[in-house]
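> Just a sequence and a predicted model for now, questions to come.
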Amino acid sequence: MSNDNSARVAVLVPVYNHAEAIGHTLERLRLLSLPFILVDDGSDAHCAEVLENLAESDTVDLVRLPVNRGKGAAVRAGLARAAERGLTHVLQVDADGQHEATDLPPFVEGLGADDEVLRIGYPRFDASVPRHRFYSRYITHSLVWLATLSFDLRDTMCGVKLYPVSAVNRLVAEHPCGDRMEFDSELPVRWHWWGGAIANLPVRVRYPIDGVSHFKLWRDNVLLARMHFRLVIGMCRRLPHLLSRRQETLS
């Protein structure tokens, strides 16, 4: 009887109108020698055609959402497809090519099928980062550290995350963690509350080649504010448990 405990991993890339970048991104990611799950989050006709051409490769599985629902919804759709395919892990990477592919192998090295560590990238920015974006990230960092009463989550906003498929699908079945950009931060916080193991790994980041940003100032800031409010309230409800865990860590 086989006792193979090898992880079965794919790269999960949510895509929304990154027609100019996605092909280049996939080319760089091929150094991982992993299959891809692309999730078309209701892209326009031009990007949809680019994705259709990429999906002609045997290594690319294309999931289509009929309308744009947001990054969180796209990642959940990709996680659902990964479960259907019997994958144990997916490595989420943004479509715009901002993450240095040569920094990604440590996210998937040494994985066993039953490994349930959430591996999260933290960015090492180059000079291309707009300074207001760099400093504004610390608002979210501070609220995440408050919600977890710890510094265990170094940077939840980075688009590189290694998800254990089965465990994360169980979590999002109970707490969907939002359809849009709030997903990136809410899921790690709830994972931390759940007692899941976490590893923070560095990733070099440069700002994207096509300059496409889907951040909607008013809509997404409202969604993020609501998320942080929910998480702080959730922290208050869990305060005795979180303080007990922190004391155990310090002792």
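Yep, that arrived. Residues are numbered from 1 along each chain as shown.

> Please count neighbours and contacts with C-alpha atoms only from this point.
Will do.

> Just the strands from this protein, written as ranges.
9-15, 36-41, 60-65, 89-92, 117-125, 161-164, 197-205 (DSSP state E).

> Could you list every helix and strand in contact with the last one?
It refers to strand 197-205. Judged by 3 or more CA pairs under 8 Å, 6 or more residues apart in numbering; DSSP states H and E, strand 197-205 is in contact with strand 117-125.

> helices and strands around the strand it packs on, which ones?
Strand 117-125 packs on strand 161-164, strand 197-205, going by 3+ CA pairs under 8 Å, 6+ apart.

> Would you give the sheet partners of it, along with the direction of each?
strand 161-164 (antiparallel), strand 197-205 (parallel) (DSSP bridges).

> among those strands, which is the most enclosed?
The highest mean neighbour count among the strands paired with strand 117-125, using mean count of other CA atoms under 10 Å, belongs to strand 161-164: a mean of 24.

> Show me what it is in contact with.
88-93, 107-108, 115-121 (CA atoms under 8 Å, 6 or more residues apart in numbering).

> Neighbour-wise, give me the winner out of those residues.
In terms of neighbour count, residue 89 stands highest of these at 30 neighbours, by other CA atoms under 10 Å.

> so who does that residue touch?
When contacts are taken as CA under 8 Å, 6+ apart, residue 89 is in contact with 7-10, 82, 113, 162-165.

> what does residue 100 give?
203-206.

> same deal with residue 61?
35-38, 55.

> Packing partners of the longest helix along the chain?
Longest helix in the chain, counting residues (DSSP state H): helix 217-237. Packing partners of helix 217-237 (3+ CA pairs under 8 Å, 6+ apart): helix 131-148, helix 183-193.
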